[in-house]
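Chemist: Prediction below, plus the sequence it came from.
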Amino acid sequence: MMTLLITGFEPFGGEEVNPSWEAVQRVRSGAMNARIERLLVPTTYEGSIETVTEAVVRLHPAVVLMVGQAGGRAELSVERLAVNRDDALAPDNASVVHEDLPIVDEGPVAYFASLPVREIVTRLHAEGLPAAVSNTAGLFVCNHLFYGVLHYIATHCVAIRAGFIHVPFLPKQVTERPGTPSMSLEDIVAGLQIAVDVLAGQT
Ligand code: PCA
């Protein structure tokens, strides 16, 4: 039985919900041979990577799928790349701001996601969901976690595949933001479920 670890983030930036965690809680194990473990990650530079790597040590997952909110994006973004840089004006949930800092001193410039990003996007399109391969997960806590987990995997020589999907705001988050895109929780959950099914089917 393979374990798939799927993570979502706490609300941040004054929001009451984070669609990533709302959706992650509703994703089900897609295949008979797959077990899903769900994990809530703090939206902080400090501790977010460790929260996930501790769960990796405890659960020995074959796949780690991290999910975060990308307010303003209209589609499910399957991230291709994590870069070794924090640089955001926004404070994290511990009121910490990181301006132009490496995540890992002397670490590689970037890591590719080790998931079939193109195949996941193709499957999402086939099910009628707006989705795209994205080449930037931003330079805030999501990219920080994504890079940190890929670096952990690379430096600990563990055979784990890992990737990141950014999801849009929920409709209730944009009621007072005219023109800002959103996606229903139902569609976000359906999209994550497809990604999980692709990954469970491959391992
Ligand atoms: N999105 C933020 C951090 C937490 C989240 O859900 C980001 O894109 O960096």
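Modeler: Done, it's in. Numbering: from 1, shown residues only.
Chemist: who in the chain is up against the ligand?
Modeler: Within reach of the ligand by Cβ under 6 Å from any ligand atom, the chain has these residues: 9, 12, 18, 20, 43, 68-70, 138, 140-142. C-beta here means a position set from N, CA and C on the backbone, and glycine is covered the same way.
Chemist: Tell me which two in the residues you listed are the farthest apart.
Modeler: N18 and G138 (14.5 Å; Cβ to Cβ).
Chemist: Identify the bridge partners of the residue minimising distance to the centre of the chain.
Modeler: Of all residues in the chain, the one closest to the mean position by Cα atoms, centre = their mean is V67, 2.5 Å from it. Beta-bridge partners recorded for V67 (DSSP bridges): I165.
Chemist: which residues of the protein fall in helices?
Modeler: 19-24, 45-59, 117-126, 141-156, 185-202 (DSSP state H).
Chemist: Tell me which of the ones you listed lies nearest to Y111.
Modeler: Of the helices of the chain, nearest to Y111 by Cβ to Cβ is helix 141-156, at 3.8 Å.
Chemist: Measure how that closest one sits relative to helix 45-59, angle-wise.
Modeler: Using axes from the mean of the first three to the mean of the last three Cα atoms, to 10 degrees, one finds that helix 141-156 and helix 45-59 are set 50 degrees apart in direction.
Chemist: what mean pLDDT does helix 141-156 have?
Modeler: Per-residue pLDDT over helix 141-156 has a mean of 98.
Chemist: Same question for stretch 9-24.
Modeler: Mean predicted confidence for stretch 9-24 is 98.
Chemist: Endpoints of that stretch, how far apart?
Modeler: 9 Å (Cα to Cα, to the nearest Å).
Chemist: Then stretch 77-84?
Modeler: First residue to last in stretch 77-84 (Cα to Cα) measures 19 Å.
Chemist: What residues sit buried inside it?
Modeler: Buried residues in stretch 77-84, defined by neighbour count with 16 or more other Cβ atoms under 10 Å: 77-84.
Chemist: more neighbours, N18 and G138?
Modeler: Taking other Cβ atoms under 10 Å, N18 and G138 do not tie; N18 has more neighbours (26 against 20).
Chemist: who touches the more buried one in this structure?
Modeler: 8-12, 43, 68-69 (Cβ atoms under 8 Å, 6 or more residues apart in numbering).
Chemist: Where does pLDDT dip in this protein?
Modeler: 30-32, 203 (pLDDT under 70).
Chemist: Fine, thanks again, bye for now.
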